[in-house]
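# After the sequence you'll find the predicted model.
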Amino acid sequence: ECLVHNDYSLADIAVFPYANYLPRVLPDLVNDNKAPKILAWLKRMHARPAVKAALSTGKHSDPFATAAPGPEHVRWG
């Protein structure tokens, strides 16, 4: 199951980098009790070969621990 119907799409690709932070930055809201569908979707995305390949190219084993989502000027300089 993906965000749009049952097909992996640009929606999944676009949302994943931001949604992946949610359990870390909002643990009271995004946890097994309150948001099981979000966590299940994140688990499926992490299992996708393309996601695994993309994350393996980083310099850090957990790139989501070294960055945080924020305003565009922070990301783009």
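Structure received. Residues are numbered from 1 along each chain as shown.

# Might you report the residue contacts of the nearest residue to Val30 once chain neighbours are set aside?
Once flanking residues are discounted, Val30 sits nearest to Leu22: 4.2 Å by Cβ to Cβ, 6 or more residues apart in numbering. Yep, even glycine has a C-beta here, placed from its N, CA and C like the rest. By Cβ atoms under 8 Å, 6 or more residues apart in numbering, the contact set of Leu22 is 29-30, 35, 38.

# Got a quick ChimeraX command for the buried subset of those?
Buried residues within the contacts of Leu22, by 16 or more other Cβ atoms under 10 Å, are selected in ChimeraX with:
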select :30,35
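
# Pick out the most distant pair among the contacts of Leu22.
Farthest pair in the contacts of Leu22 (Cβ to Cβ) is Leu29 and Ile38. Separation: 9.4 Å.

# What distance do you get for the residue nearest to Val30 to Asn6?
Distance of Leu22 to Asn6, computed by Cβ to Cβ, to the nearest Å: 22 Å.

# what residues are up against the residue nearest the centre of the chain?
Ranked by distance to the mean C-alpha position of the chain (Cα atoms, centre = their mean), the top residue is Asn20 at 2.6 Å. Shown in contact with Asn20 (Cβ under 8 Å, 6+ apart): 42, 45, 64.

# and the first one, what is it in contact with?
Okay, so that is Leu42. Applying Cβ under 8 Å, 6+ apart, the residues near Leu42 are 16, 19-20, 23.

# Now whichever helix in the chain runs longest: buried residues?
Ranked by residue count under DSSP state H, the longest helix found in the chain is helix 36-47. Neighbour-count burial for helix 36-47 flags 39, 41-42, 45 (criterion: 16+ other Cβ under 10 Å).
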